[in-house]
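> pasting the structure only:
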């Protein structure tokens, strides 16, 4: 666990400032970033699903997913909504990894053997705890997002969708008999392995916010 966790932490230290730079800069910089991520993810999807009936549907869904990610970046002319959803997904994944490794316990599903019920719980707890600390602290730099009952419901919904998305992509990797979609990110595997939950969370979040199912977060 220590070696894998070290790789994840080191990769995150390198990636987080780069990702934040493109998100905050926006404009054509963010467009180039999104297109690059899409190209890599689409290629990895091609590798794990080629000659299968789900290939075209999956490719079209990736287009839709990355389009909604682009739209979410400027939702209400505020990139903080994008950062909020991204933070939930990252913390969900991290919480699942840490809690699952520490507490272990019964397996959640045969589709993804490493996932446990303790990891699922950790996937909910870490974003709720850390985002609560952040949004009530003096370091809350956002102007339009407050931690309210609705934002907590939103966190739980996005975390659930992210975890289900992770399992969904794990299913296709299992069918294709591959462990990772690639090896571009040390400790994480391919980019698709890193964003598997996000590609479902971003379109879902965009639809929820756009249709005002949850009006205030």
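Cool, the structure landed. Note that this is a predicted model, so its numbers are computed, not measured. Numbering: from 1, shown residues only.
> Please make it C-alpha for all contacts and neighbour counts, starting now.
Will do.
> And the strands in this structure?
Using DSSP state E, the chain contains no strands.
> Name the helix or strand of it that has the lowest mean pLDDT.
helix 2-25 (a mean of 78; mean pLDDT, DSSP states H and E).
> now for that helix, which elements pack on it?
In terms of contacts (3 or more C-alpha pairs under 8 Å, 6 or more residues apart in numbering; DSSP states H and E), helix 2-25 is packed against helix 27-49.
> what about the helix it packs on, average pLDDT?
Averaged over helix 27-49, pLDDT sits at 92.
> what residues does that helix touch?
Applying C-alpha atoms under 8 Å, 6 or more residues apart in numbering, the external contacts of helix 27-49 come out as 22-23, 55, 58-59, 62-63, 66, 70, 172-173, 176, 178, 181-182, 190-192.
> Show me where this protein dips below the pLDDT cut-off.
Along the chain, segments meeting pLDDT under 70 span 1-8, 50-51, 133-147, 186-188, 213-217.
> quick check: longest helix of it.
For the chain, the longest helix by residue count, based on DSSP state H, is helix 149-175.
> one step back: tell me which of the contacts of helix 27-49 fall in helices.
Secondary structure defined by DSSP H assigns 22-23, 55, 58-59, 62-63, 66, 70, 172-173, 191-192 of the contacts of helix 27-49 to helices.
> quick revisit: and the contacts of helix 27-49, which are buried?
22-23, 55, 59, 62-63, 66, 70, 172-173, 181-182, 190-192 (16 or more other C-alpha atoms under 10 Å).
> now the least confident helix or strand of the chain: how far from the chain's centre is it?
The chain centre lies 13 Å from the centre of helix 2-25; the measure is C-alpha atoms, centre = their mean, to the nearest Å.
> Specify the angle between it and helix 27-49 in degrees.
With axes from the mean of the first three to the mean of the last three C-alpha atoms, to 10 degrees applied, the angle from helix 2-25 to helix 27-49 works out at 140 degrees.
> returning to what we had before: nearest to residue 113 among the ones in helices among the contacts of helix 27-49?
The nearest member of the ones in helices among the contacts of helix 27-49 to residue 113, counting by C-alpha to C-alpha, is residue 173 at 12.2 Å.
> ok, that closest one - contacts?
Counting by C-alpha under 8 Å, 6+ apart, residue 173 has contacts 48, 179-181.
> ok, it to residue 157 distance?
Using C-alpha to C-alpha, to the nearest Å, residue 173 is found at 25 Å from residue 157.
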